[in-house]
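S.K.: Requesting a structural model of the entry that follows:
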Amino acid sequence: MSQIITANDLPTGDVVYWTGAGWTRDAREAALVTDTAAAEALGKAEVKARRVIDPYLIDIELVDGKPWPTRYREIVRASGPSVRTDLGKQAEL
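M.R.: Numbers count the residues shown, from 1 in each chain. Model prediction:
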């Protein structure tokens, strides 16, 4: 199973995903993890730099060639709250 790194942005609390060059709010822009140990080290370094909190790996599937979470909890985090679809990420989609 493929994985990506997710965390919460420290200044805003937004759910973010590692792109390979920085963080994005869009899971579809995330980079696939090829080395679990390196991904975990990167997460620790990003926490130490105070950019994110609670980084961890999530399972994804490729949908139209782009990563998308497979677990319901992560789908909600990627899509935004299920209420008030006129606000947040869900309004942007």
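
S.K.: Remind me which helix or strand residue 5 belongs to.
M.R.: Per DSSP states H and E: residue 5 is located in strand 2-9.

S.K.: Paired strands for that strand, with orientation please.
M.R.: strand 15-18 (antiparallel), strand 52-63 (antiparallel) (DSSP bridges).

S.K.: Same list, those, but as CSV with distance to residue 43 please.
M.R.: Backbone N, C-alpha and C define where each C-beta goes, glycine included. Shown next, in CSV, are the strands paired with strand 2-9 (distance: least, CB to CB, whole Å):
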stretch, distance to residue 43
strand 15-18, 8
strand 52-63, 3
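
S.K.: got these as TSV, with distance to residue 45, mean pLDDT and mean neighbour count columns?
M.R.: Listed next are the strands paired with strand 2-9 as TSV, based on distance: least, CB to CB, whole Å; pLDDT from 0 to 100; neighbours: other CB atoms under 10 Å:
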stretch	distance to residue 45	mean pLDDT	mean neighbour count
strand 15-18	11	97	23
strand 52-63	10	98	15
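
S.K.: between these, which gets nearest to residue 84?
M.R.: strand 15-18 (16.3 Å; CB to CB).

S.K.: and that closest one, how far from the chain's centre?
M.R.: On the basis of CA atoms, centre = their mean, to the nearest Å, strand 15-18 sits 3 Å off its chain's mean C-alpha point.

S.K.: What is the burial count for the nearest residue to residue 39 once chain neighbours are set aside?
M.R.: With sequence-adjacent residues excluded and distances taken as CB to CB, 6 or more residues apart in numbering, residue 39 is closest to residue 33, at 4.5 Å. Per other CB atoms under 10 Å, the neighbour tally for residue 33 reads 20.
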